[in-house]
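Novice: Dropping a prediction and its sequence here:
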Amino acid sequence: MSDIKQQIFQELSNLEDAVSRLRSSAVFAGRQTDLEVAILTEQVKTLRDKNKRATEMIDKSVDILKKLQ
């Protein structure tokens, strides 16, 4: 009977360790996702700024070309 109890406690300990590792992995994955979202958000902001500047330059170029005609 003692061996069975010891085996049960060992299995519970193993299960507790596995749960702890899974929780740690989930937390890390969440942080990684947050970091990726932050990076992508910054990249989108940068691209929007560049697109806005490019549009302004194109508009100025079109205005200059119209004046030259």
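Specialist: Structure received. For clarity, every value in this text was computed on a predicted model and none was experimentally measured. Numbering: from 1, shown residues only.
Novice: Can you tell me the element the residue most central in space within the chain falls in?
Specialist: Per CA atoms, centre = their mean, the C-alpha nearest to the average position across the chain is that of Glu36, at 2.3 Å. Element membership for Glu36 (DSSP states H and E) is helix 2-68.
Novice: could you give me the average pLDDT of that helix?
Specialist: What helix 2-68 shows for mean pLDDT is 93.
Novice: could you say what helices and strands that helix packs with?
Specialist: Judged by 3 or more CB pairs under 8 Å, 6 or more residues apart in numbering; DSSP states H and E, helix 2-68 has no packing partners among the helices and strands. Any C-beta I mention is one placed from the backbone N, CA and C, and that applies to glycine too.
Novice: picking that back up, the residue nearest to the centre of the chain and Arg23: what is the separation?
Specialist: Distance from Glu36 to Arg23, counting by CB to CB, to the nearest Å: 20 Å.
Novice: With Gly30 instead?
Specialist: Taken as CB to CB, the span from Gly30 to Arg23 is 11 Å.
Novice: Neighbours of Gln6, how many?
Specialist: Residues within reach of Gln6, counting by other CB atoms under 10 Å, total 10.
Novice: begin at 14 from here
Specialist: Let's use 14 as the start, then, which means that last one is Gln19.
Novice: how far away is it from Val40?
Specialist: To Val40, Gln19 is 32 Å away according to CB to CB.
Novice: if we can go back for a sec, ok now the helix holding Glu49, how far from the chain's centre?
Specialist: 0 Å (CA atoms, centre = their mean, to the nearest Å).
Novice: And stretch 75-82, by the same measure?
Specialist: Worked out by CA atoms, centre = their mean, stretch 75-82 lies 45 Å from the chain centre.
Novice: To what extent is Lys79 buried, counted in neighbours?
Specialist: 8.
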